[in-house]
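Undergrad: I would like to see how this sequence folds:
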Amino acid sequence: MAAMPVLVIGLDAAWRQRMQRLLAMRNELDWLGAYAPAEPRATRREQAALLLLDGDDPQVDRARRKPQLPAPRRLYFYRSPNIAALHHCIETQAHACLDKHDSPDTVLRAIQAAESGLFVVAPALLLEALHDGTDVPAPAALPEPPLHGSAGSLPGDWSTLTVRQREIVGWAARGMSNKQIARQLGISPETVKTHLHHVFEREGVHGRMALLAAHLGDEKH
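TA: Residues are numbered from 1 along each chain as shown. Model (predicted):
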């Protein structure tokens, strides 16, 4: 059986080095290297069957493959994986939501599971997500635009958003997935995704993690 081509991508140099020490010499893997997203690399990236990605790096999802080639399986690693991270992994059809400090055995088992098309996540995080999905609080009202960039406020002029966009952002800031928001509002997940994409681009918010962090920061003030 041919070795699986594996490539590691992310800004976290310590994590990249750990993955290289763990995986580079394994016979069952074809090690293609470990790189930062914008770093020039002479590697067969188009042949990677498995990508290990730094989930804390907002740039890591921007790389695109040639459309005629099959998409690789993806495993995301986080310093502190949470529900929002798990939602992202599920929505992007990844194969794992892992902690950067997981044991070598856990990482290797996750890679083996990905080869079989399975999804790997810590049981504690899965239970937390299941509980969260059954008891999601109503979204708090979005704050008015700050006059002088006050700490903890969500960035941008939120008065420019439509009523629907404000509803979706409110639910997303509570950690709900696109499917959960869609069920709540009676629209399709693709419509939710489109609205969020427009908000991210217009307001300079880089994904759900930024929304959630800003929302929680506002609640503390």
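
Undergrad: rest of the way, CA atoms for contacts and neighbours
TA: Fine.

Undergrad: So the chain: which segments form each domain?
TA: 4-130, 158-219 (automatic domain parsing).

Undergrad: so where do the helices sit in this structure?
TA: 13-23, 83-91, 104-115, 123-134, 163-173, 178-185, 189-203, 208-219 (DSSP state H).

Undergrad: Now the last one: average pLDDT?
TA: The reference is to helix 208-219. In this model, helix 208-219 has an average pLDDT of 49.

Undergrad: cool, and the second one?
TA: With pLDDT averaged residue by residue, helix 83-91 scores 87.

Undergrad: got it, and the shortest one?
TA: Taken as a whole, helix 178-185 has a mean pLDDT of 81.

Undergrad: Would you mark the buried spots in stretch 111-123?
TA: The neighbour-count check on stretch 111-123 (16 or more other CA atoms under 10 Å) flags 111, 114, 119-121 as buried.

Undergrad: could I have that stretch exported to PDB, CA atoms only?
TA: What follows is stretch 111-123 as a C-alpha-only set of coordinates in PDB (Å, rounded to 0.1, in the frame of the first residue of the first chain):
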ATOM      1  CA  ILE A 111      -4.500  10.200  10.700                       C
ATOM      2  CA  GLN A 112      -5.500   6.600  10.400                       C
ATOM      3  CA  ALA A 113      -9.100   7.500  11.000                       C
ATOM      4  CA  ALA A 114      -9.000  10.200   8.300                       C
ATOM      5  CA  GLU A 115      -7.800   7.500   5.900                       C
ATOM      6  CA  SER A 116     -11.000   5.700   6.600                       C
ATOM      7  CA  GLY A 117     -13.100   8.800   6.200                       C
ATOM      8  CA  LEU A 118     -13.900   9.200  10.000                       C
ATOM      9  CA  PHE A 119     -14.000  12.300  12.100                       C
ATOM     10  CA  VAL A 120     -12.000  12.600  15.300                       C
ATOM     11  CA  VAL A 121     -12.700  14.900  18.300                       C
ATOM     12  CA  ALA A 122     -12.100  14.700  22.000                       C
ATOM     13  CA  PRO A 123     -15.200  13.200  23.800                       C
END
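
Undergrad: Mind listing residues that contact it?
TA: 73, 75, 94-98, 110 (CA atoms under 8 Å, 6 or more residues apart in numbering).

Undergrad: Repeat that for stretch 26-42.
TA: 2-13, 16-17, 19-20, 23-25, 43-45, 48, 59-60, 63.

Undergrad: and what of stretch 182-195?
TA: For stretch 182-195, the external contacting residues (CA under 8 Å, 6+ apart) are 165, 168, 178-179, 181.

Undergrad: now do stretch 51-60
TA: The contact list for stretch 51-60 (CA under 8 Å, 6+ apart) reads 6-12, 37, 72-79, 85, 206-207.

Undergrad: Filter these down to the buried ones, ChimeraX style.
TA: Remark: buried members of those, expressed as a ChimeraX selection using 16+ other CA under 10 Å:
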select :6,7,8,9,10,11,12,37,72,73,74,75,76,77,78,85,207
